[in-house]
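J.: sequence and predicted structure, then a few things I'm wondering about:
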Amino acid sequence: MANSTLLQTEGIPQIKDALVVLVKTEWNAAIINELENGCLRILHEQGIHTKTIVVPGAVEIPFAIQHYHKEAKKKEKADAFIALGCVIKGDTPHFDYVCQSITQGITQLNVTLDVPSIFGVLTVNTQEQAEERIGGIHGHKGEEAAITALKMIALSRLLKKDK
């Protein structure tokens, strides 16, 4: 896994003085904690400062991101947010509503905030599928979310310079 991650991070401009805020859910804690660990591994290897906020469930993630962005003092402003959650399908339509809500919420944040919000939420049918996405056959989605955040911070900074 580490070799593929190193290959993916190659070419990212060195980012200095950046803060990435992770917003994670309490549900499915074992999966979420490993997603967070993957994010932190990549971000800390790159010298990025991090902060983690915990919310009850996935639907609450957009509120926490928006509220943090609005209320943070200048030196605590996030350069990117990463939403971390894991929604596992059950026998009711609740799964569909939660997945739709979190997807729309993160999309809305990306068009209204001046910093990126990265979608690091697993939407899976089974626990096994979730485990395959934290270092299994489907890679490590926490690491991928961190890499995406780094790339989006670099892009955001580049676009701001072009103004």
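T.: Yes, it's here.

J.: contacts only, for E26.
T.: With CB atoms under 8 Å, 6 or more residues apart in numbering as the criterion, the residues that contact E26 are I32, V54, V55, P56, G57. No exception for glycine: its C-beta is placed from N, CA and C like everyone else's.

J.: most surrounded residue in those?
T.: Going through the contacts of E26 with other CB atoms under 10 Å as the criterion, the one with the most neighbours is I32, at 25 neighbours.

J.: mind checking the SS state of the nearest residue to that one once chain neighbours are set aside?
T.: Spatial nearest neighbour of I32, chain neighbours left out: K24 (5.1 Å); criterion: CB to CB, 6 or more residues apart in numbering. K24 falls in the strand class when you classify it by DSSP: H, G, I helix; E, B strand; the rest coil.

J.: K24 - how many residues pack around it?
T.: Around K24 sit 26 other residues, with neighbours defined as other CB under 10 Å.

J.: that one bridge partners, please.
T.: V54, L84 (DSSP bridges).

J.: where exactly do the strands run in the protein?
T.: 19-25, 49-55, 80-88, 117-124, 134-136, 139-140 (DSSP state E).

J.: closest to K160 out of these?
T.: Closest approach to K160 among those is made by strand 80-88 (13.4 Å; CB to CB).

J.: low-confidence regions, this structure specifically.
T.: Under the criterion of pLDDT under 70, the regions of the chain flagged as low confidence span 1-13, 162-163.

J.: with just CA atoms, put the longest helix along the chain into PDB.
T.: Of all the elements of type helix in the chain, the one with the most residues (DSSP state H) is helix 141-161. Extracted as PDB, the C-alpha positions of helix 141-161 are listed here (Å, rounded to 0.1, in the frame of the first residue of the first chain):
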ATOM      1  CA  LYS A 141      -9.900   5.700   0.900                       C
ATOM      2  CA  GLY A 142      -8.600   7.700   3.800                       C
ATOM      3  CA  GLU A 143      -5.200   8.100   2.200                       C
ATOM      4  CA  GLU A 144      -6.900   8.900  -1.100                       C
ATOM      5  CA  ALA A 145      -9.000  11.600   0.600                       C
ATOM      6  CA  ALA A 146      -5.900  13.200   2.000                       C
ATOM      7  CA  ILE A 147      -4.100  13.200  -1.400                       C
ATOM      8  CA  THR A 148      -7.200  14.800  -2.900                       C
ATOM      9  CA  ALA A 149      -7.100  17.500  -0.300                       C
ATOM     10  CA  LEU A 150      -3.500  18.200  -1.000                       C
ATOM     11  CA  LYS A 151      -4.100  18.500  -4.700                       C
ATOM     12  CA  MET A 152      -7.200  20.700  -4.200                       C
ATOM     13  CA  ILE A 153      -5.300  23.000  -1.800                       C
ATOM     14  CA  ALA A 154      -2.600  23.400  -4.400                       C
ATOM     15  CA  LEU A 155      -5.200  24.100  -7.100                       C
ATOM     16  CA  SER A 156      -7.000  26.600  -4.900                       C
ATOM     17  CA  ARG A 157      -3.800  28.500  -4.200                       C
ATOM     18  CA  LEU A 158      -2.900  28.500  -7.900                       C
ATOM     19  CA  LEU A 159      -6.300  29.800  -8.900                       C
ATOM     20  CA  LYS A 160      -6.100  32.600  -6.200                       C
ATOM     21  CA  LYS A 161      -2.700  33.700  -7.500                       C
END
